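> coords please:
(one chain, ligands or ions: 2)
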Amino acid sequence: TTMIRQVDGYLQEYLTQKSRMKGSFPDLWSARPGNNASIGTDEGLFERPWSLASSRGVVEKILCQRSLEMRDQQRAWQESPEGRRIMEFRSSLPAYKEKEAILSAISSNQVLIISGETGCGKTTQLPQFILESEIESVCGVVCNIICTQPRRIAAISVSERVASERGEKLGETVGYKVRLEGMRGRDTHLLFCTTGILLRRLLDDRNLKGVTHIIVDEIHERGMNEDFLLVVLKDLLARRSELKLILMSATLDAELFSSYFNGAATIKIPGFTYPVRTHFLEDILEMSGYILTPDNQIDDYGQERIWKMNKQAPRKRKSQISSAVEDSLRAADFNDYSLQTRESLSCWNPDCIGFNLIQYILCNICEHERPGAVLVFMTGWDDINALKEKLHTHPVLSDPSRVLLLMCHSSMDSLEQRLIFEEPEDGVRKIVLATNIAETSITINDIVFVLDCGKAKESSYDALNNTPCLLPTWISKGSVQQRRGRAGRVQPGECYHLYPRCVYDSFAEHQLPEILRMPLQSLCLQIKSLKLGSISEFLSRALQSPEILAVQKAIEYLKTIGALDENENLTILGHNLTVLPMEPKLGKMLIFGVIFNCLDPILTIVAGLSVRDPFLTPLDKKDLAGAAKSQFSSDYSDHLAIVRAYEGWKDAEKDLVGHEYCWKNFLSANSMRVIDALRMEFLSLLKDIGLVDSNMTSCNAWSYDMYLIRAAICYGLYPGICSVVHKDKSCSLKTMEDGKVLLHSNSVNARETKIPYSWLIFNEKIKVNSVFLRDSTAVPDSMVLLFGGSISKGDVDGHLKMSGGYLEFFMKPAVADMYHSMRKELD
Ligand code: CDP
Ligand code: MG
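Residues are numbered from 1 along each chain as shown. Ligands and ions are numbered 1, 2, ... in the order given. From the prediction side, this is the model:
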C-alpha cells in the first residue's frame, strides 16, 4: 500500500513541479531556439513587435507608409519581366479566371465554399487574390489571412511557391508556421500553417484576434483536425461577424458543408483533364502474356487470398516479363482488403511482388514509352526508401543520364522539393516516388505516367499532429480517381494499378471521415485542453458526429488511464499528454521513462510501436523468421525484443554492417532507420516541452533495469491486459471484454510453452474470426497492482478497485488475497 501511495504521489508531484517551473503548459507554438526562423515569440499568429512600444498615432502612420511601400513593390514586381512571365502562368490557371467572382463572393458572404480539380490553383492563387486586392485597396493592408494545410510539407512548399510568385523571400508578406518551425516577419499578412497549429493557437487566443480570413484547405480529406476545427470556427464566426471563412477542396460534397454553415455560398472552378488509360494488374500481365487467377487458400488468419499466375498460350507480347517479376508474382498475396493487418504489407517487401513489378514497369516505360514524368504512389517514407535503394541497383533506372529519381514525402528537404517541380534535361526521365501527399496537396506538372500501389497509410490517431502512423490500408475509389487524374494534366496519360480489378471493385467509394473511424481519445483530450466544455456535447455539433458509444468509450478509456478525472476534467497527466503528439498510451509510457530514468529503451519501444513491424515475416519463411525473432527475446516480451533488435542494429551500424545484420535477422532496415529518426524526434520534443532537460545527454540512470522497463510498458498499455491461465501443457488467455483470445503467430510469446507470469500486457488486438493479440509483454501480479490503472488520480482506492476488478474477475487466489488484505488495511 505504501508503495502504491508513493508511486502515485511521486508522479503527481513530479508533474506538478514541472508545470509550475514552466509557469504554464509548455507551448509547441514557440520555435525551437536556434532555428533559422525569424519568429519564436508567442505573441500571436501575426505579431507586430514594434507596435507594442509605439504610440497609436505613430503606429498608424507606419502602417500607412508600409502599405504604400507594399503596393509599390507589388506593382513593380508585376511589371518586371520575370513578374510578367509568372503573371502569364498564373492567369492561365482555371482559378484565375474566377478571380473576380471569388473576390466578390468573399466580400458579400461570411462563409464561402470553393471546389475545383487538383492543380487548378486553389491553394496558391486564392489567398493571393485576397492579399493582392487588399494591398491595392485604398485603405491599405488590413488583412491577416491564415490558410491551413493538413500536412506540414504542403504548408511549407505552398508558402515558398506563393512567395516566389510574388517575387519575394519567404517571411516577407508570405510566411508559414508548422510544428517546431516557421518563417514569418512583421510584414507577414498571409500565413500558411498546419491545421494543428491553428488549433493550438486557439488554446491561447480563442477569438483569433487580428485574423481577418481563415482558409481551410483540402477539406475533402475530412481529417479529424479539420472536422474539429470547423466546429470551433462555427462558434467563432458567431462571435466575430467580420471574420471570413473559406473552405477549399478538390472533390467536394459542397451541399454537406454548405448546409453545415447555414446555406453558405459555393463556387465551383471548372477544370479540364486529358483522358487517362487505365491498366489493372491483369492487364499489365496480359501485355506480357500471362493471366492471373485467384486461388483461395487458407492460412492462419483465415481469409488471405493467394493468386496464381499461369502462362497463357504464347501471344504477341509487348515485352518480356522478367523472371524476377514472374517469381514474385507466383508468391504474391493480395490480401483481402478488409484485413488491415500488418501482414498485408508483406507484398511490399523489397523481395516481393510490389517492388519487382514496379521496377519492371518503370524499366518498360523508360525503354519503350514516349517522354513524360512518372509518379509512383507508395504507402510511406519507408517503402519509398526501400524502393529507391532497390532501383539504385538497376542498370537502367540508376543511370543518371537517363533517369532522375526523386522522392516526394512529408519529410523531404526543401531542395528536393524544388527539384520535383523542375523539368529534367532532355532525354532524362523524371521518376517521382511519392506518398499520397501527391494525390491532392502537391501538384507536379509534367506527369504522364502514374503507378498506383493502391494503399496509403491511414492518417494518424492523433487529433492535433500528423504523427507518422501505423497501418497502410487500401485506398478508396475516390483516391484512385485522384491518383489517376495526376497522369492527365498536360496530355493524355497512362495509369498502372498494381492490383487486380476485383480488388479495386471492393474498395469503398469514399474514405469515411476520420472522426467516424478513428479512436477519439486524443480528440477528447484536445477538446478538454481547449476548454470547449462537455466532450459529448461538443462532438454532437460536428459535421458528422461520431457514435455516442465511441465517444463514451474514449472518455472511459481516458478516465481509466488517469488522463481525465471523474468529472471529465483534465488531470495533470492529461495536460501533459495533450502536448505529446502520439497516442496517449505511448505518451504515458514516455512520461514514465522520463520520471524513472529509463527513457532510452522506452524511446525505442514507443518508436517501434509507431512504425510498421520491424520484424519481417516473408510468407514462405515464416519459421526461419520466427526463430530469428525469438533470439531477441528471453523475456517473454515483444516490446523488449524490439529494443534488443534495435540495439543490435545500432552496434552493427557502427561497424557498417547494419544491412547484413538486418538481412540475417529478418529485420526491416527501413524500420530500423525510422525508429532511429523517431527516437530523436521524440527526445527533442520532450526537451522542447520541458519534460527532459535540454542539455541532458544520457537517458538512463539505471539503464536496463528490466523490471522498470516492463513496468513502463504496463503503465502505458494498461488496460490492454489479458490473464494467463496455465493448464497442463498449454495456457489459455482471456481478456475482460473478449473472453478467450489468441496470440498472434508473430509474437514471441506464441512460441513459448509456458509463460511465467499471470498477465500479458498488449498494445493492440485485431479481430479476424477470433481476437488476436499483437505485441505483448508478460508481467507479474505485483506490477499490475502497482502500475496498472490510474496513478494520477491520487485515488488509491479507485486504483485498487480497477486492478481489483480484474483480479476478482479472474479469481486469482494469490493476488486476490493480497488485494483484499490491502483493502482491509486501507479501510
Ligand atoms: O490547390 P490546387 O490543387 O487547386 O492547385 P495549386 O496547388 O494552387 O497549384 C496550381 C498550379 O501551380 C499547379 O497546377 C502547378 O502547376 C503550379 N505549382 C507549381 O508549379 N509549383 C508549386 N510548388 C506549386 C504549384
Ligand atoms: Mg491545393
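
> Name the nearest residue to residue 371, sequence neighbours excluded.
residue 429 (7.2 Å; C-beta to C-beta, 6 or more residues apart in numbering). Yep, even glycine has a C-beta here, placed from its N, CA and C like the rest.

> what bridges to the one you found?
Per DSSP bridges, the residues bridged to residue 429 are residue 403.

> which residues does residue 665 contact?
628, 631-632, 645, 648 (C-beta atoms under 8 Å, 6 or more residues apart in numbering).

> One more pass at 10 Å, please.
Counting by C-beta atoms under 10 Å, 6 or more residues apart in numbering, residue 665 touches 614-616, 625, 628-629, 631-632, 645, 648-649, 652.

> for residue 732, same thing?
By C-beta under 10 Å, 6+ apart, residue 732 lies in contact with 723-726, 740-742.

> Keep only those of these that are in strands.
723-726, 740-742 (DSSP state E).

> Take those and lay them out in a markdown table including neighbour count and distance to ligand 1.
Shown next, in a markdown table, are these (neighbours: other C-beta atoms under 10 Å; distance: C-beta to the nearest ligand atom, whole Å):
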| residue | neighbour count | distance to ligand 1 |
| --- | --- | --- |
| 723 | 21 | 53 |
| 724 | 21 | 54 |
| 725 | 13 | 57 |
| 726 | 12 | 60 |
| 740 | 11 | 51 |
| 741 | 20 | 46 |
| 742 | 16 | 47 |
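
> So which of the residues you listed sits lowest on pLDDT?
In terms of pLDDT, the lowest of the ones in strands among the contacts of residue 732 is residue 726, showing 76.

> mind listing the helices for the stretch 351-500 of the chain?
Taking DSSP state H, counting those that start in this stretch, the helices of the stretch 351-500 of the chain run over residues 353-368, 381-391, 414-421, 437-440, 477-485.

> Which of these has the lowest mean pLDDT?
For these, where the average pLDDT is lowest is helix 414-421, sitting at a mean of 79.

> Name the residues of it that come out as buried.
Neighbour counts over helix 414-421 (16 or more other C-beta atoms under 10 Å) mark 417, 419-420 as buried.

> Check the offset of it from the chain's centre.
21 Å (C-alpha atoms, centre = their mean, to the nearest Å).

> pLDDT below threshold where in the stretch 301-450 of the chain?
By pLDDT under 70, the low-scoring segments of the stretch 301-450 of the chain are 301-354, 411, 414.

> Repeat the analysis, applying 90 as the threshold.
301-361, 363-364, 367-369, 378-390, 393-396, 408-423, 426-427, 435-445 (pLDDT under 90).

> Now for the residue in it that ligand 2 sits nearest to: which residues touch it?
Using C-beta to the ion, residue 441 is the residue of the stretch 301-450 of the chain that sits closest to ligand 2, at 5.9 Å. Shown in contact with residue 441 (C-beta under 10 Å, 6+ apart): 118, 123, 149-151, 153-155, 157-158, 217-218, 221, 250, 410.

> for residue 442, phi and psi?
Dihedral angles of residue 442 (phi, psi; degrees, to the nearest 10) stand at phi -120, psi 130.

> Wait, it touches residue 406, no?
No: checked against C-beta atoms under 10 Å, the pair residue 442 and residue 406 is beyond contact range at 11.9 Å.

> list residues touching both of these two?
Taking C-beta under 10 Å, 6+ apart as the contact rule, residue 442 and residue 406 both touch 417, 420-421, 432, 434.

> Could you list the contact residues of the stretch 601-750 of the chain toward ligand 2?
Taking C-beta under 5 Å from the ion as the criterion, ligand 2 has no neighbours within the stretch 601-750 of the chain.

> For the stretch 601-750 of the chain, which segments count as strands?
Ranges of strands in the stretch 601-750 of the chain, per DSSP state E, counting those that start in this stretch, are 721-726, 731-735, 739-743.

> now the ones you listed in JSON lines, with distance to residue 774?
Below are those laid out as JSON lines (distance: least, C-beta to C-beta, whole Å):
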{"stretch": "strand 721-726", "distance to residue 774": "12"}
{"stretch": "strand 731-735", "distance to residue 774": "13"}
{"stretch": "strand 739-743", "distance to residue 774": "9"}
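
> Would it be right to say that residue 187 lies in a strand?
No: Residue 187: not assigned to a strand; according to DSSP: H, G, I helix; E, B strand; the rest coil it is coil.

> So it sits against residue 131, correct?
No: counting by C-beta under 10 Å, residue 187 stays clear of residue 131, with 11.2 Å between them.

> List the residues that contact residue 408.
Contact analysis of residue 408 by C-beta under 10 Å, 6+ apart lists 153, 157, 375-378, 384, 416-417, 419-421, 432-435, 437-438, 442, 444.

> try 7 Å this time
By C-beta atoms under 7 Å, 6 or more residues apart in numbering, the residues touching residue 408 are 420, 432, 434, 437-438, 442.

> With residue 452 instead?
Here residue 452 is in contact with 377, 480, 483, 495-498 (C-beta under 7 Å, 6+ apart).

> And these, which is closest to ligand 1?
Checking the contacts of residue 452 against ligand 1 with C-beta to the nearest ligand atom, the nearest one is residue 483 at 13.9 Å.

> So what pairs up with the residue nearest to that closest one when sequence neighbours are not counted in the strands?
Nearest residue to residue 483, sequence neighbours excluded (C-beta to C-beta, 6+ apart): residue 452, at 4.7 Å. Residue 452 has these beta-bridge partners by DSSP bridges: residue 377, residue 497.

> coming back round to it: next, format the helices of the stretch 351-500 of the chain as TSV and append distance to residue 77.
Shown next, in TSV, are the helices of the stretch 351-500 of the chain (distance: least, C-beta to C-beta, whole Å):
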stretch	distance to residue 77
helix 353-368	40
helix 381-391	37
helix 414-421	20
helix 437-440	29
helix 477-485	33
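
> can I assume residue 271 sits in a strand?
No: according to three-state DSSP, residue 271 belongs to no strand; its state is coil.

> Tell me how many other residues crowd it.
Neighbour count for residue 271, taken as other C-beta atoms under 10 Å: 18.

> Wait, it touches residue 116, no?
Yes: between residue 271 and residue 116 there is a contact under C-beta atoms under 7 Å: 5.7 Å.

> list residues touching both of those two?
With C-beta under 7 Å, 6+ apart as the test, residue 271 and residue 116 both reach residue 94.

> Residue 682 and residue 606, how far apart?
Distance of residue 682 to residue 606, given as C-beta to C-beta, to the nearest Å: 6 Å.

> Now the common contact residues for these two.
residue 590.

> And what about the closest residue to ligand 1 within the stretch 151-300 of the chain, helix, strand or coil?
Minimum separation of the stretch 151-300 of the chain from ligand 1 (C-beta to the nearest ligand atom) falls at residue 161, amounting to 3.6 Å. Per three-state DSSP, the secondary structure class of residue 161 is helix.

> need the residues of the stretch 101-250 of the chain near ligand 2, please.
Selection of the stretch 101-250 of the chain residues close to ligand 2 by C-beta under 5 Å from the ion yields 122-123.
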